[in-house]
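Asks: Just need the structure, nothing else, for what follows:
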Amino acid sequence: MLGINKVVFKGAYVNDGIVSLQKTIKNERETTNPHLTHGQFIIDHSAVSRICEDHGIPYPQRSGPDVQVLLVKDSEVKAKGKMYLRGPNSESIPWVEKWVKAFTDISGVCTVLLVEVDTPQAAAVPADMPPANVKVAGIIHQVTEENVIADVHQLYRLVVHNLKSKTVCQRRKSHTNRQKFHCAGKVLILTDPSSVSPGYRDLKGKSEDPEIRNLADTIWLYVCGIAPFLAKYKEDGLKGEFPELLLGASGWNVFAISCNACVELHLDTKDGLWSIIVWIHGGKGLIEGGAFCLPGFNVRFIPGTLTMAIINARDYVHGTAPHKIPCGSTARRWGSSFFLRVGDLMHLMELKEGLDAKGTSFEKYQKEVDERVRKKTGWRNRQMQKTVAAERKLIMSAGRKLMANRGYKPQLGQ
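Replies: Below is the predicted model:
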C-alpha cells in the first residue's frame, strides 16, 4: 500500500537553508515508491482528522502540509526493526544499501505513526491511549510556517557558528563510527570522580548557555503544540519537582548536534520515551541520500527545510543512512536531537536530595571538592578522587532513601 508519495525522493538541493527535495539525481529516471510490507496508510482527510483528534494531535489543516497516518501492529514494528540489529543486546550493524531502497518514502509529508498494541496491559503513555489500544509511536512533521522557520534557523545558526564555545565535542563509539557529535546537557558521569555538580563539568556549563536554553525552549514550545501529550509526559514523569535539572523549560536534559553524519540503525535504550530530532541545512548544492529510516515501520524520508521527528526512540529502531556530497556542493545537513537521559537525571535527583539534606548545594559542594582535590598531587590526588567518589555515592544513597521516604517516585521511563 502506498501513502501520498507515489515516487521516491532521492536527495535534496540546498540553497541557504531552503531545501528542494529531488526525485531524480543527474539524468536518472524517477523511481516508483515501494509499497509497505506491513501496516496501512490512511490518507483520507476526514479519517486522518478524526484519528488525530482522538489522539489530541492538532492535525490537519487543509491549508497546511499534507498529512497521512500510518497504522501498524506494535509487535510487527518491533520484530521488523530488530531484524536490522545484531545479537541479544540489539547491537548496530553497518548499513546495507538495499535496505534504504526497500523502505517506503514519506519525504515532505507530515506522518503520524500509530501502533496497535497486542494486549490492554501493554505499557503506554495514558494520553496516547484511545480505545482499541492504539498509541502514538511518532510524528514526522514538516514545518511550513515561514516565521517559525526563520526563527528556528536563526537560533541554530547562533549555536552552529559557535559550537566550540557552546558545546562539548564527543566521538561516540556506538552506532556513529566515531563521528563528531557536539553536546550540551545536565548529566552525571559517574566515572568522573571529582564531579558533583549537575553534569560533567563542561557539559553542564554549556547547558547554561542562554542560546542553548533559548533553542531548547523554542523547540519544546513548538513540538508541544504539535504533540500536546509531551507536556503531560513531562508533568507525569517529574511530578512537578527538579525542573532545574532539565534544559531550560523543556522536558529534556541533553542536546546533541552533528553535521552530515551517518548513524547506524539502533535503539536508544537508556533514554526516556520521547526524543525530538530536528534537521536544518546550510551551504548550497546537492545532498544525495542520507534518508532517516524507521525500518520497523518500513519507511524513510529525506529531511526538508525544517523537518522535526517526535519519536519513541527507545522502543523503535531508527537511524540515518549514508549520504554523498557531490563535488562542488557545499551543502550541509545538521541533525540535532533533544532527549532525556533517564539514568543521569535520576542520579542528579538523588545527589541534589542528599546535598539539600546536608544544607549545601551542587555549586558549593563542587567548590569544596575542587579545593580538596587541588591540594593533593600524585598518588594522593588519585586517592582523594576515590574518597570524593565514595562520599558522593553515600550522599546519593541518602538522597535516594529520602526520596523514597517522602513517597517521591518519578515515572521517567514510562
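Asks: First-to-last residue distance for stretch 30-47?
Replies: 30 Å (Cα to Cα, to the nearest Å).
Asks: quick one: secondary structure of Asp268?
Replies: The three-state label given to Asp268 by DSSP: H, G, I helix; E, B strand; the rest coil is coil.
Asks: For the residue lying closest to it once chain neighbours are set aside, grab the count of nearby residues.
Replies: Leaving aside its sequence neighbours, Asp268 sits nearest to Ala313 (Cβ to Cβ, 6 or more residues apart in numbering; 4.3 Å). Where you see a C-beta, it was placed from the backbone N, CA and C, and this is true even at glycine. Neighbours of Ala313 under the rule other Cβ atoms under 10 Å: 24.
Asks: Quick one: residues contacting Ala313.
Replies: Leu267, Asp268, Asp271, Trp274, Ser275, Phe339 (Cβ atoms under 8 Å, 6 or more residues apart in numbering).
Asks: Tell me the most packed of those, by neighbour count.
Replies: Trp274 (26 neighbours).
Asks: Who are the contact partners of it?
Replies: With Cβ under 8 Å, 6+ apart, Trp274 has these contacts: Ala227, Leu230, Tyr233, Gly251, Ile310, Ile311, Asn312, Ala313, Leu340.
Asks: neighbours of the last one, just the number please.
Replies: If I follow you right, that is Leu340. 28.
Asks: What's the separation between it and Pro88?
Replies: Going from Leu340 to Pro88 by Cβ to Cβ, to the nearest Å gives 25 Å.
Asks: before we move on, the earlier item: most widely separated two among the contacts of Ala313?
Replies: Leu267 and Trp274 (14.1 Å; Cβ to Cβ).
Asks: related to what we said a few turns ago, quickly name whichever of the contacts of Ala313 is closest to Gly11.
Replies: Ser275 (25.3 Å).
Asks: Next up, the contacts around that closest one.
Replies: By Cβ under 8 Å, 6+ apart, the neighbours of Ser275 are Asp268, Ile310, Ile311, Asn312, Ala313, Arg314, Ser337, Phe338, Phe339, Leu340.
Asks: repeat for Phe41
Replies: Met1, Leu2, Gly3, Ile4, Gln68, Val69, Leu70.
Asks: Equivalent analysis for Ala321, please.
Replies: Trp95, Trp99, Val100, Cys262, Gly289, Gly290, Ala291, Phe292, Cys293, Arg300.
Asks: if we can go back for a sec, Throw the contacts of Ala313 into CSV and include pLDDT, thanks.
Replies: Converted to CSV, the contacts of Ala313 look like this (pLDDT from 0 to 100):
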residue, pLDDT
Leu267, 94
Asp268, 91
Asp271, 90
Trp274, 94
Ser275, 95
Phe339, 93
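Asks: from these, which is closest to Asp209?
Replies: For those, the nearest to Asp209 is Phe339 (18.0 Å; Cβ to Cβ).
Asks: ok, back up a step: which members of the contacts of Phe41 define the maximum pairwise distance?
Replies: Leu2 and Val69 (13.7 Å).
Asks: quick one: which of these two has more around it?
Replies: Legend: neighbour count by other Cβ under 10 Å for Leu2 and Val69, higher for Val69 (25 against 15).
Asks: is it true that that one lies in a strand?
Replies: Yes. Val69: assigned to a strand according to three-state DSSP.
Asks: Pairing partners for it in the sheet, please.
Replies: Ile42, Val112 (DSSP bridges).
Asks: hmm, back to that, TSV please, covering the contacts of Ser275 and showing distance to Lys78.
Replies: Converted to TSV, those look like this (distance: Cβ to Cβ, whole Å):
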residue	distance to Lys78
Asp268	14
Ile310	19
Ile311	14
Asn312	11
Ala313	13
Arg314	11
Ser337	21
Phe338	24
Phe339	20
Leu340	21
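Asks: Go through these and flag which are in strands.
Replies: Ile310, Ile311, Ser337, Phe338, Phe339 (DSSP state E).
Asks: so the last one makes contact with Leu273?
Replies: No. The pair Phe339 and Leu273 does not pass the contact test of Cβ atoms under 8 Å, sitting 10.1 Å apart.
Asks: which one of the contacts of Ser275 is nearest Met403?
Replies: Leu340 (18.0 Å).
Asks: who are the neighbours in contact with that closest one?
Replies: Gly237, Gly251, Trp252, Asn253, Val254, Asp271, Gly272, Trp274, Ser275, Leu412.
Asks: give me that answer again for 7 Å
Replies: Gly251, Trp252, Asn253, Asp271, Gly272, Leu412 (Cβ atoms under 7 Å, 6 or more residues apart in numbering).
Asks: cool, Val14 as well?
Replies: Per Cβ under 7 Å, 6+ apart, neighbours of Val14: His281, Gly283, Lys284, Gly285, Ile287, Ala331.
Asks: can you redo those as TSV with distance to Gly319 and neighbour count?
Replies: Formatted as TSV, these follow (distance: Cβ to Cβ, whole Å; neighbours: other Cβ atoms under 10 Å):
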residue	distance to Gly319	neighbour count
His281	19	25
Gly283	23	16
Lys284	27	16
Gly285	24	16
Ile287	17	24
Ala331	21	22
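Asks: So what pairs up with the spatially most central residue of the chain in the strands?
Replies: For the chain, the residue nearest the mean C-alpha position is Ser275 (3.4 Å; Cα atoms, centre = their mean). Taking DSSP bridges as the rule, Ser275 bridges to Ile311.
Asks: any idea how far the residue nearest to Asp268 lies from Thr31?
Replies: Distance from Ala313 to Thr31, by Cβ to Cβ: 28 Å.
Asks: Ok, Glu146 next?
Replies: 31 Å.
Asks: Have a look at those two and say which one is more surrounded.
Replies: Applying other Cβ under 10 Å to Glu146 and Thr31 shows that Thr31 carries more neighbours, namely 14 against 9.
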